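[1] my questions concern the predicted model and sequence given below.
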Amino acid sequence: MNRRHLLHLLGAAVALPFVPPEAEAALAFGRAAHGASRGAGFRALSPARAELVTALADLILPRTDTPSASDVGVPAFIDHMLAEWYAPEDTRLTLAGLDEIDRFAGGDFLALDEVRQMAVATELDRFGGGDRGTAAWAWGRIKSLTVYGYFTSERVMTEVTMDPIVPGRFAGCVVVES
Amino acid sequence: MPKTYDAIVIGSGISGGWAAKELTEAGLRTLVLEAGGPVDPATDYVEHVQPWQLPFRGWGDRAKLGREQPVQKQCYACDEWSSKFFVNDLENPYSTPEDRPFAWIRGRQVGGRSIMWGRQVYRWSDLDFEANARDGHGVDWPIRYRDIAPWYDHVERFIGVSGRAEGLSQLPDGQFLPPMEMNCAEAHVREKLLAAYAGERVLTIGRCAILTREHRGRAACHYCGTCERGCVTGSYFSSLSSTLPAALATGRLTLRPHSVVESVVYDAEKRRAVGVRVIDANTFEALEFRARIVFLCASTLESTRILLNSKSAAFPTGLGNASGELGHNLMDHSMGHGARGTVPGFTDRTTFGDRPNGIYLPRFRNVKHQHPNFLRGYAYQGGAWRNGWGRGQGMGGFGAEFKQSLIRDRGPWQFSLYGFGEMLPRHENVAELDPGLKDKWGIPALRISCAYGENEKAQWKDMIQSATEMLEAAGATNIRPTNEDVAPGLVIHEMGTARMGRDPKTSVLNGWNQVWDAPNLFLTDGACMTSSANQNPSITYMALTARAAHHAVDLMKRHEL
């Protein structure tokens, strides 16, 4: 059994959320408008996919007393890398993997409530890796890009981690400041 | 009439810069020819540029690198900041047999590869200079440690080398500036290894051409950590920060960038090199310059390529090739083998500043006792570090706690011992002219055929095993072997192809780096090396260059050149 197959089996185990049809329509409308604003200028990610990536990135690095992933532009960074850096096939597989995440979530990750989103993400994260194009693989890639994009952003480097660019000296063994 | 100088130096990198300095300071009007363009530290150096200021946050333009620098991008330093310091592979082609890959990493600019070099500098000892004579591989070096020792002193005093004196016969101490500090985990491993191996395995801080205090008008290192992107304070040695300014200060230096040397002009009657043929890199104009002496410092394979292209009736297979050894005995070091693990403890300790230097564990094999499986030896480089937020790209978890952990904690101390092994000189490892391949300027390009042999492979096994044992002895956990298949060339310590020797029948250069067939032509870069030892070789090129330059001046004063 390959990992992709296993994921499909796992996907079947995730309860489908019950959402009444009228609520679903309202949700879809609102999401489209929201997604359009979020995904403005995005090139690899459609508005709907930009919204999914934003949700995943903010699950990985949520807003606390420090900024969230989307606060520092991680979704735009991910879109840029998918549009310009990765080979087209790689990007295609990443987008396919995002589709798989939706499928794994029972059809629409964003339609799940917070608890169920957490459950799906926990499952994907626990599984890790997997074949290219699968849900778990796409989660791993989004997570890796989210962490990299977050910690190399101007705001996080200058306001959160604040490692000096020109330290001026080296000390090999200092007490970690809490 | 071609313009005439006292001396021509081909190349402005580590070796060429030294030749320029020593020759101009001795009073010679010297022309330095550099194939690449000028570099202005104020605008070209990018060590303080942060990831967010780059389009790909440091990952580089993958598609462009793949198209234009498929060879160069294999080097860790050829990234989004520094790929401009590496050549365009399309303009600078070479070929290899399909089953014998060779990574030729090159930099064409004023300063050459001294701008993005690794800065590690280790003296050789007689264990190295006597090695060929001892086991019969290659030919005997025409020099011994006593011949080069004063020139190591001379070079170290000028460039500034930080390091710790350890009193080891196989790795002689030098003129050191204060050493950089080890971090907690490194100091711990040093003590453990000294105890476990009765003082025979000495983990020391890397000896590097980086200033730990102000030196000859150059500022001490400010520990931003990314020397391969340049250094506006000139705190690591490069031709640009050190030797070329000294040469310029004499008023006798003429530096001509964009000057691609095609060949050396040989006068069969005088039995001398009389000049150099150049193609202007921008205009493609063919030029010629003349001089009493010529220093070939274009880098190992470029210098040999120039000699192979210097064909005449007297030397139909290339100037200096009467022995038939020109192009042969190509060496690199080997790398890719060792082990890494986790050093428990010290979790409340970290470092301040980015130390652009690691640790060095000098050769311990075949120093006192002969190893049953291989000749010569290897050394480890590496060090200890904490991964910081970078570990978040691979570790499990997500959410608020995950984020806080990446911000606050740096993860456990990791330790790597990464072997650099000596490669035996072998005739079949060779660089020749490819009859069907030319570079952008129409100059015949090289066909390089080089592979590691059984002795190197036997060392790799031991590098993994010994590193594993030592990490165990140091109390490390989660120990994993490092076992990477790395093509020769990628260590960027390519050496040989115009070896020094005692006999013109079996070598290209004499004991003063003079081409046997044209004694006013000196070749002092890595091409001259008769064996490879396992130490990073640049400082030996510098010392040999300074020594040869002084010898050249002496001979000129005595009217022997």
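    Received the coordinates, thanks.

[2] going by C-alpha atoms from here, please, whenever you check contacts or count neighbours.
    Fine.

[3] quick one: contacts for residue B:503?
    When contacts are counted by Cα atoms under 8 Å, 6 or more residues apart in numbering or on different chains, residue B:503 is found next to residue B:510.

[4] doesn't it fall inside a helix?
    No - assigned with DSSP: H, G, I helix; E, B strand; the rest coil, residue B:503 falls outside any helix and is coil.

[5] just the pLDDT for it.
    Reading off the confidence values, residue B:503 has pLDDT 98.

[6] from residue A:156, how far out is it?
    Look at residue B:503 and residue A:156: by Cα to Cα, to the nearest Å, they are 64 Å apart.

[7] and what of residue B:178?
    Separation of residue B:178 from residue A:156 (Cα to Cα): 35 Å.

[8] neighbour count: these two, which is higher?
    Legend: neighbour count by other Cα atoms under 10 Å in any protein chain shown for residue B:178 and residue A:156, higher for residue A:156 (20 against 14).

[9] contacts only, for that one.
    Contacts for residue A:156 (Cα under 8 Å, 6+ apart) come out as A:67, A:72, A:150, A:162.

[10] farthest pair in these?
    Comparing all pairs in the contacts of residue A:156 by Cα to Cα, the longest separation belongs to A:72 and A:162, at 15.0 Å.

[11] tell me which of those two has more neighbours.
    In this comparison of residue A:72 against residue A:162, neighbours counted by other Cα under 10 Å, the higher total goes to residue A:72 at 18 against 11.

[12] isn't the more buried one up against residue A:158?
    No - with contacts counted by Cα atoms under 8 Å, residue A:72 stays clear of residue A:158, the gap being 11.7 Å.

[13] tell me where the chain has helices.
    Picking chain A for this. Read by DSSP state H, chain A holds these helices, from start to end of the chain: A:3-13, A:21-38, A:47-60, A:74-80, A:88-104, A:114-127, A:135-151, A:154-155.

[14] my bad, the chain I had in mind was chain B
    If you assign secondary structure with DSSP H, the helices in chain B sit at B:14-25, B:41-44, B:62-68, B:126-129, B:131-135, B:145-159, B:184-196, B:244-249, B:300-309, B:400-408, B:454-473, B:538-557.

[15] what inclination does the last one have with respect to helix B:145-159?
    Inter-element angle recorded for helix B:538-557 and helix B:145-159: 100 degrees (by axes from the mean of the first three to the mean of the last three Cα atoms, to 10 degrees).

[16] quick one: mean pLDDT over helix B:538-557.
    98.

[17] identify each buried residue in that helix, please.
    B:538-550, B:552-553 (16 or more other Cα atoms under 10 Å in any protein chain shown).

[18] and the residues you listed, which two are the farthest apart?
    Within those (distances taken as Cα to Cα), the two that end up farthest apart are B:538 and B:553, at 22.7 Å.

[19] quick one, grab the pLDDT at residue 33.
    In the absence of a named chain, chain A is used. Looking at residue A:33, its pLDDT is 45.

[20] chain B was what I was after
    98.

[21] repeat that for residue A:127.
    pLDDT recorded at residue A:127 is 86.

[22] quick check: chain neighbours aside, which residue is closest to residue B:515?
    Counting by Cα to Cα, 6 or more residues apart in numbering or on different chains, the nearest residue to residue B:515 once its immediate chain neighbours are dropped is residue B:509, at 4.5 Å.

[23] also residue B:380?
    Setting aside the residues directly before and after it, residue B:380 is nearest to residue B:419 in space (Cα to Cα, 6+ apart), at 4.3 Å.

[24] what's the burial count for that neighbour?
    For residue B:419, the neighbour count with other Cα under 10 Å is 31.

[25] list the contacts of the residue nearest to residue B:515.
    Listed by Cα under 8 Å, 6+ apart, the contact partners of residue B:509 are B:498-501, B:515-516, B:523, B:528.

[26] follow-up on the earlier one: how close does the residue nearest to residue B:380 sit to residue A:126?
    The spacing between residue B:419 and residue A:126, counted by Cα to Cα, is 35 Å.

[27] go on, residue B:200?
    Taking Cα to Cα as the measure, residue B:200 and residue A:126 are separated by 46 Å.

[28] kindly report the same for residue B:150.
    61 Å.

[29] repeat for residue B:295
    Distance from residue B:295 to residue A:126, counting by Cα to Cα: 62 Å.

[30] compare these two (neighbour count), which wins?
    When neighbours are counted by other Cα under 10 Å, residue B:295 comes out ahead of the other of residue B:295 and residue A:126, with 29 against 12.

[31] pLDDT score for that one?
    Reported pLDDT at residue B:295 in the predicted model: 99.

[32] at the contact with chain A, which residues of the stretch 51-200 of chain B appear?
    Near chain A, the residues belonging to the stretch 51-200 of chain B are B:51-52, B:56-57, B:61-63, B:180-184 when assessed by Cα under 8 Å from any Cα of the partner chain.

[33] try 7 Å
    For the stretch 51-200 of chain B, the residues in contact with chain A under the definition Cα under 7 Å from any Cα of the partner chain are B:51-52, B:57, B:61-62, B:181-184.

[34] centroid-wise, who is the farthest residue in chain A?
    Among residues of chain A, the one most distant from the C-alpha centroid is residue A:169; the distance is 37.8 Å, by Cα atoms, centre = their mean.

[35] per-residue pLDDT of that one, please?
    With respect to pLDDT, residue A:169 scores 97.

[36] show me what contacts it?
    Under the criterion of Cα atoms under 7 Å, 6 or more residues apart in numbering or on different chains, the neighbours of residue A:169 are B:222-223, B:353.

[37] if we go to 10 Å?
    Under the criterion of Cα atoms under 10 Å, 6 or more residues apart in numbering or on different chains, the contact partners of residue A:169 comprise B:212, B:220-224, B:352-355.

[38] over to residue A:158?
    Residue A:158 makes contacts with A:151-152, A:164-165, as judged by Cα under 10 Å, 6+ apart.
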